[in-house]
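> pasting the sequence and the predicted model now:
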Amino acid sequence: MELFEGGEDDEEEPSSNSSAGGSDRAERRCGPLEAVFPATVGAAAYVGPVVVSERRGAGRGVFARRALEAGCLVLAEAPLVRCAKGVEAAGARAAKRRPDVAAAVEALHPIELADASAAAVTKAERACGDRRDARLWLAMRFNAFDSGVFARLSLFNHACGFSANCVRLDAASGFGIADDLTRVFVCRRVEAGDELLLGYEQPCESATEPRRRRLLERFDFRCDCPTCRRAHPDETRVEADILETRGEPWDPRVDDAVARLGDPAAPLVVRARRLAFNAALAALAALSHEPDPDRADLARLADLALRRGRRFLDAQTDALGPDHVDLAPTARALADVLALALARRLPIPDAAADQAAAEISRLRARADAL
């Protein structure tokens with residue numbers, strides 16, 4: 001994988017010139033994404049209108065050939081090596097016995113051990129016990145996602161959180177994907193020539209410095225994307241307070257944490273609103289499935305879920321823009337809460353039944369459009 005922007009030069013950390021595209025001394029293959037790897041690697045299930053190009057002298061990246069709308073599929077690919085844990089050793093073994101894996105790894109970062117930081121090389125040598133296998137071990141480590149190692153997916157560079165303009169989805173994402181393909185979708189409009197960027201770190205709405213440390217440990221770069229540069233000085237403490245509220249739908253600390261950040265579009269604001277909405281949804285779903293739920297309690301939870309869902313949708317819109325695909329499940333969930341309130345004839349604050357029905361239609365139409 002390749003970094004978005006490197007940190008300052010340091011003996012123990014890679015500079016912006018030591019991205020996952022490999023050393024400037026190594027030959028790089030650019031062009032249409034489907035043509036970058038040799039035929040022995042095997043074709044991807046789908047490759048959209050994208051091209052691999054040099055990135056301002058800092059390795060390769062994937063760029064849009066033309067303007068792409070939110071929701072456009074740009075890649076569907078099966079992993080070369082299917083492994084979530086211990087991928088370094090499993091991938092290294094696969095590369096030694098499978099020509100497709102070996103051919104792909106030849107084109108992945110680090111092309112040479114000199115392209116990785118001294119700390120990463122030392123760790124690889126200790127793990128392998130053999131310097132000749134260290135580059136292979138690092139190539140697997142730096143180019144693995146949750147579900148395994150991919151050839152073409154690994155060429156997408158990183159940007160944290162809302163600086164990314166693409167999202168990757170697989171069977172574990174909860175979007176109804178049933179096969180073994182990982183798909184990359186554009187999550188907001190991009191123009192021709194724009195670089196397509198993925199967030200390697202999940203969840204994307206996390207505190208900056210811990211996220212940077214995880215990226216450095218896992219992928220060997222310190223991120224300096226726009227999301228990282230706008231970090232709030234009290235983020236780590238606020239994140240801890242937010243996580244403590246996960247299981248309590250009525251906890252007021254969510255709003256307190258949001259107020260402390262003071263930025264309605266901050267990633268942690270979106271995370272706080274997401275957790276609060278999900279907690280209210282879970283409590284509402286549990287109560288609504290009881291055989292004889294208390295009507296007053298059901299009405300209070302529906303009201304809470306509606307208020308928190310609207311705040312979450314507003315926070316997502318502020319942070320991501322109105323056409324981001326992440327807004328779709330939120331809009332659908334809000335529509336479902338309203339539909340439940342109408343079906344159970346619960347009081348809906350600030351809305352008559354016909355207004356609520358119209359809002360359901362608007363929310364579902366918005367979700368369908370995304």
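Done, it's in. Bear in mind that the values here come from a model prediction, so they are computed numbers and not experimental data.

> near the residue lying closest to residue 184 once chain neighbours are set aside, how many other residues are there?
Spatially, and ignoring its direct neighbours in sequence, residue 184 is nearest to residue 75 (4.2 Å; CB to CB, 6 or more residues apart in numbering). To be clear about C-beta, it is placed using only N, CA and C from the backbone, and glycine gets the same treatment. Applying other CB atoms under 10 Å, we find 26 residues neighbouring residue 75.

> the one helix or strand residue 75 maps to pairs with which strands?
Counting by DSSP states H and E, the secondary-structure element that holds residue 75 is strand 73-77. With DSSP bridges as the criterion, the sheet partners recorded for strand 73-77 are strand 46-47 (antiparallel), strand 182-186 (antiparallel).

> I'd like to know which of the ones you listed lies nearest to residue 192.
Between residue 192 and the strands paired with strand 73-77, the shortest separation by CB to CB is 12.4 Å, and it involves strand 182-186.

> now do whichever helix or strand comes after the closest one: distance to the chain's middle.
Toward the C-terminal end, the helix or strand that comes next after strand 182-186 (DSSP H and E) is strand 197-198. In this view, strand 197-198 has its centroid 8 Å away from the chain centroid, taken as CA atoms, centre = their mean, to the nearest Å.

> returning to that earlier point: how about residues contacting the strand holding residue 75?
Strand 73-77 is touched from outside by 33, 44-50, 62, 64, 68, 150-153, 166, 181-186, 196, with contacts defined as CB atoms under 8 Å, 6 or more residues apart in numbering.

> restrict these to the buried ones and give me that as a ChimeraX selection.
With 16 or more other CB atoms under 10 Å as the criterion, this ChimeraX line picks the buried residues out of these:
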select :33,44,47,48,50,62,64,68,150,151,152,153,166,181,182,183,184,185,186,196
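
> give the contact list for the residue sitting nearest the centre point of the chain.
Closest residue to the average C-alpha location of the chain: residue 199 at 4.2 Å, with CA atoms, centre = their mean. With contact taken as CB under 8 Å, 6+ apart, residue 199 is in contact with 158, 159, 160, 161, 164, 167.

> which one (most neighbours) among these?
residue 160 (27 neighbours).

> that older thread, which of the contacts of residue 199 has the weakest pLDDT?
pLDDT across the contacts of residue 199 is lowest for residue 161, at 76.

> and that residue, how far from residue 249?
For residue 161, the distance to residue 249 equals 25 Å [CB to CB, to the nearest Å].

> report all helices and strands that the biggest helix by length in the chain contacts.
Once the chain is assigned using DSSP state H, the helix that runs over the most residues is helix 295-320. Applying 3 or more CB pairs under 8 Å, 6 or more residues apart in numbering; DSSP states H and E, we find helix 295-320 packed against helix 267-288, helix 327-343.

> in it, which residues are buried?
For helix 295-320, a neighbour-count test (16+ other CB under 10 Å) marks 298-306, 308-313, 315-320 as buried.

> so it versus helix 267-288, what angle?
Note on geometry: by axes from the mean of the first three to the mean of the last three CA atoms, to 10 degrees, helix 295-320 and helix 267-288 are set 160 degrees apart in direction.

> okay, angle between helix 295-320 and helix 327-343 too, please.
Helix 295-320 and helix 327-343 are oriented at 160 degrees to each other (the same axes, to 10 degrees).

> burial of residue 213, as a residue count?
11.

> secondary structure element holding it?
With secondary structure defined by DSSP H and E, residue 213 is part of helix 208-219.

> for that helix, buried residues please.
Along helix 208-219, the positions that meet the burial threshold by neighbour count (16+ other CB under 10 Å) are 208, 211, 212, 215, 216, 219.

> ok, of those residues, which one's closest to residue 238?
The nearest one, if we look at the buried residues of helix 208-219 relative to residue 238 and count by CB to CB, is residue 208, at 11.2 Å.

> contact partners for that closest one?
160, 227, 228, 231, 232, 235.

> helices or strands up against the worst-scoring helix or strand of the chain on mean pLDDT?
The helix or strand with the lowest mean pLDDT-type score in the chain, counting by mean pLDDT, DSSP states H and E, is strand 31-32 (a mean of 73). Contacts defined by 3+ CB pairs under 8 Å, 6+ apart place strand 31-32 against strand 50-54.

> quick one: whatever helix or strand comes next after the strand it packs on to strand 182-186, angle?
On the C-terminal side of strand 50-54, the closest following helix or strand by DSSP H and E is strand 60-64. Interaxial angle of strand 60-64 relative to strand 182-186 (the same axes, to 10 degrees): 60 degrees.

> what about strand 60-64, average pLDDT?
Computed over strand 60-64, the mean pLDDT rounds to 91.

> tell me the residue furthest from the middle of this structure?
In terms of distance from the mean C-alpha position of the chain, residue 292 ranks first, at 40.2 Å (CA atoms, centre = their mean).

> quick one: secondary structure of that one?
In three-state terms, and counting by DSSP: H, G, I helix; E, B strand; the rest coil, residue 292 is coil.

> could you measure from it over to residue 298?
Distance from residue 292 to residue 298, counting by CB to CB: 11 Å.

> before we move on, back to that, want to throw the strands paired with strand 73-77 into a markdown table with mean pLDDT and distance to residue 134?
Putting those into a markdown table (pLDDT from 0 to 100; distance: least, CB to CB, whole Å) gives the following:
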| stretch | mean pLDDT | distance to residue 134 |
| --- | --- | --- |
| strand 46-47 | 90 | 31 |
| strand 182-186 | 91 | 27 |
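
> quick one on the thing from earlier: among the contacts of residue 208, name the buried ones.
The buried subset of the contacts of residue 208 (16+ other CB under 10 Å) comprises 160, 227, 228, 231, 232, 235.
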